[in-house]
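S.K.: Predicted model, plus sequence, below.
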2 protein chains.
Amino acid sequence: MEVPDEIPRATSAPRVSRPRAAIMSDVGRLAGVSHQTVSRVINGSPHVRPETRDRVLAAMRELGYTPNPVARALVTGRSNTLGVVSFDTTLYGPASTLLGIERAAHEAGYFIIIASLKALNRVSVTDALERLRRHSVDGILLITPLQDAVEALLHAPKEIPLVAAEAGPEESGIPVVQVDQLAGATAATQHLLELGHETVWHIAGPPEFLESRLRIKGWRTSLAEAGAPVPEPLVGDWSARSGYEAGRRLGADPAVTAIFVGNDHMALGVLRALHELGRAVPDDVSVVGFDDIPEAGYFLPPLTTVRQDFDELGAVGLRLLVGMIEADGPPPTVPPVAPELVVRASTSAPSRVIRASTSAPSR
Amino acid sequence: MEVPDEIPRATSAPRVSRPRAAIMSDVGRLAGVSHQTVSRVINGSPHVRPETRDRVLAAMRELGYTPNPVARALVTGRSNTLGVVSFDTTLYGPASTLLGIERAAHEAGYFIIIASLKALNRVSVTDALERLRRHSVDGILLITPLQDAVEALLHAPKEIPLVAAEAGPEESGIPVVQVDQLAGATAATQHLLELGHETVWHIAGPPEFLESRLRIKGWRTSLAEAGAPVPEPLVGDWSARSGYEAGRRLGADPAVTAIFVGNDHMALGVLRALHELGRAVPDDVSVVGFDDIPEAGYFLPPLTTVRQDFDELGAVGLRLLVGMIEADGPPPTVPPVAPELVVRASTSAPSRVIRASTSAPSR
DNA sequence: GCGACCCTCGTTAGCGCTAACATGCCCCCC
DNA sequence: GGGGGGCATGTTAGCGCTAACGAGGGTCGC
């Protein structure tokens, strides 16, 4: 090995790695081969004699050598790094998806580099894509639940593999992974309808979110198919606070006996509003949420909700992306991840049906 | 400009960037200077005539040139990328801290590359550090709330700037940013004591977590200082479920009138357990949480809790790290982020004090 | 028995950039 | 007015790696 000399430097700058890390030629020298042969061993070339390979491997071990990914990226244009464009938010969905992505990336041997955006619009998404591309990521995964982002994707560069998560229909030609929102909303609405409720009210998420629209659509369709009246949906912003406010309004109307809420956090606010109004859940009003956050089972009462497996979603997205990168073929279409209705204690048959000012026993 | 030729390739592999991205020499050629001058312009060297600079800038714009960060990283060893070692979990604290880090990194012009770990132990942390280092990150931020991780840090490489978040005392000589756990636990406990409770029970987080220990310590000290009896703390795992179980046990004891819970999620479980046991909150039992998650204000009843500004914590940590990288000096000591007691509706004076089997009015 | 061919290596040339030195050139001073 | 000293630039040499080609030696065929 080289002398790990301790030459006192004139500059006080703490030079990185005093015992400078071994490079390929060091390994080659120690193993008595050229650096190129070392490269062959590392990249699993078949044209290396087994005993040479062993010598190289031993030398690598002895020197504690690991290849420099940056140098490799410079020449190959590949970096074993994936970009994730994420909407800057604490929202449960994107955060959990990110987690699933990370986990799967780690398993697939990729690093994740994150570009988190304050706003999701055409300019910011395009910019993030470009920055990531310049960092020579091998592919990019987008967590882009907003309509505006979809528009940016229409003009996305074609040279780099892209996968969008939670990004709605494949208008952009970019492969999409998503949870089946329609199925989820339908399951929630039908559950309430089957319980005997005359109709189901809805507190939706912000209209910019594709999920909001899809859930509204699923809810509305189910209602229409059942011949139930379709009330005007209220709109929240996913927060418990907005759910609380919507809950106060809805709870004041005695005709309301069943509410399908756009997510669990808003549902929590609804629960509190209903409690304050003296409306018992589920006896007076049934409530269904969406997401199945880990706490949902501990609400008062435990919340019936639609489970979205974000972790799985992220993993599916990542595997699709890695597949596109490594197989280099056309992206396969991935079926949406199925949501699951989790029935707990916030829903029951209506004890009575009150319409406007008329009250009558149900059925 | 070169001819962006469309030579049909023998290989069917979709070669990246057909109209190959401009490089420095392209810009130089167009501006009539050498590539080195372009480099000078980019790096803000003062030794460039203003009109030359303008010509170069114009050429860059015309070609849509952006420097290749990988090539730059190879030669400088710096990449404008920061590594984050994060405990693989959905825990609110680490997740929020990560978010704060991202936000601040973006502002500081850095990318974040994440190494998320399944387990936090010496081997995994050391390995993550090494992998990140090889990717030539400029610095590493660790979100390592576990004791085991601290031990790994003791043997961390010294060549690369490191900052630990939520990592307890600076045993390792690595600068740490954290929320003042002792102050938070003290505030919670004293609040309950001042309300007139004889003592305060505690449901702690897992003992591997440094925060758990610190909060126990703060709680215990406050109790001791007030001359209040110190009950044995129960132990949960941060989940609502574990809080529920601990709550069932504690709630069954009529002597328990005040509980300081290690985090809000467990507090939610406690609230449900108490509700099931017919113990009113706050009339029969007061409950204080920790974290102030966004939903805490919508629990039934709204939860009194200790607010930790994780977002700020992440930002502070990142700024410290960037400071270390760019100033190259010794890391300044950063004061812990102050927690804040948020009083809501889950705490009140005890309506009566019941000791073991004796009942007597409070004071 | 000799050319064709494959296997196993080595040598060379970059990837796109920055660092270090070299080169003119103008200005200024004694 | 000639040399020293900036200034603005160009030239060269890498960073550590892979790709492309080349070379030596053995094997096989006819």
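M.R.: In hand now; what should we look at?

S.K.: hey, let's count contacts and neighbours off CA atoms from now on
M.R.: Will do.

S.K.: Surely A:Gln36 is within a helix?
M.R.: Yes - with DSSP: H, G, I helix; E, B strand; the rest coil as the criterion, A:Gln36 is located in a helix.

S.K.: Spit out the contact partners of it.
M.R.: When contacts are counted by Cα atoms under 8 Å, 6 or more residues apart in numbering or on different chains, A:Gln36 touches A:Gly28.

S.K.: Just the pLDDT for A:Leu146.
M.R.: Note on A:Leu146: pLDDT of 87.

S.K.: Now the residue lying closest to it once chain neighbours are set aside. Its backbone dihedrals?
M.R.: Closest residue to A:Leu146 apart from its sequence neighbours, by Cα to Cα, 6 or more residues apart in numbering or on different chains: A:Phe209 at 4.6 Å. Listed backbone geometry of A:Phe209 is phi -80, psi 130, with angles given as degrees, to the nearest 10.

S.K.: List the buried residues in the one helix or strand A:Glu211 maps to.
M.R.: For A:Glu211, the element it lies in under DSSP states H and E is helix A:210-225. Buried residues in helix A:210-225, counted by 16 or more other Cα atoms under 10 Å in any protein chain shown: A:210-223.

S.K.: and if you look at stretch A:26-35?
M.R.: Result for stretch A:26-35 [16+ other Cα under 10 Å]: buried residues A:26-28, A:30-31, A:33, A:35.

S.K.: Endpoints of that stretch, how far apart?
M.R.: 8 Å (Cα to Cα, to the nearest Å).

S.K.: same deal with stretch A:268-287?
M.R.: 10 Å.

S.K.: Show me what that stretch is in contact with.
M.R.: The contact list for stretch A:268-287, computed with Cα under 8 Å, 6+ apart, reads A:192, A:239-248, A:251-252, A:256-261, A:267, A:299-301, A:303-304, A:345-352, B:295, B:298-300.

S.K.: if we can go back for a sec, quick one: which of the buried residues of stretch A:26-35 sit in helices?
M.R.: Of the positions in the buried residues of stretch A:26-35, A:26-28, A:30-31, A:35 sit in helices, assigned by DSSP state H.

S.K.: Spatially central residue for chain A, please.
M.R.: A:Thr97 (2.5 Å; Cα atoms, centre = their mean).

S.K.: which residue sits closest to A:Glu295, ignoring its sequence neighbours?
M.R.: B:Ala240 (6.0 Å).

S.K.: residues in contact with the helix holding A:Glu211?
M.R.: Residues outside helix A:210-225 that contact it (Cα under 8 Å, 6+ apart): A:145-147, A:166-168, A:181-186, A:188-190, A:199-200, A:202, A:204-207, A:229-230, A:233, A:262.

S.K.: mean confidence for it?
M.R.: 96.

S.K.: Identify each buried residue in stretch A:52-60, please.
M.R.: Those would be A:52-53, A:55-57, A:59-60, for stretch A:52-60 by 16+ other Cα under 10 Å.

S.K.: let me fix that: stretch A:105-116
M.R.: In stretch A:105-116, counting by 16+ other Cα under 10 Å, buried: A:105-106, A:110-116.

S.K.: How about stretch A:120-128?
M.R.: Of the residues in stretch A:120-128, A:120-122, A:124-126, A:128 count as buried by neighbour count, 16+ other Cα under 10 Å.

S.K.: with those in mind, which one is nearest to DNA strand D?
M.R.: Nearest to DNA strand D among the buried residues of stretch A:120-128: A:Ala128, at 25.5 Å, using Cα to the nearest atom of the strand.

S.K.: how far away is the closest one from A:Ser116?
M.R.: A:Ala128 is 8 Å from A:Ser116, where distance means Cα to Cα.

S.K.: Now do the shared contacts for these two.
M.R.: A:Val85.

S.K.: quick one, strands of the stretch 101-250 of chain A?
M.R.: Using DSSP state E, counting those that start in this stretch, the strands of the stretch 101-250 of chain A run over A:111-117, A:139-143, A:162-165, A:176-177, A:201-204, A:234-235.

S.K.: In what element of secondary structure is A:His265 found?
M.R.: Short version, using DSSP H and E: A:His265 is in helix A:264-276.

S.K.: again with A:Asp283
M.R.: Residue-wise, A:Asp283 maps onto no helix or strand under DSSP H and E.

S.K.: count of residues packed around it?
M.R.: Number of residues near A:Asp283 (other Cα atoms under 10 Å in any protein chain shown) recorded here: 15.

S.K.: Tell me the secondary structure of the residue of the stretch 51-200 of chain A found nearest DNA strand C, please.
M.R.: Here the stretch 51-200 of chain A gets closest to DNA strand C at one residue, A:Val75, 3.6 Å apart by Cα to the nearest atom of the strand. Three-state assignment for A:Val75 (three-state DSSP): helix.

S.K.: neighbours around it, how many?
M.R.: By the criterion of other Cα under 10 Å, A:Val75 has 11 neighbours.

S.K.: confidence score at it?
M.R.: 94.
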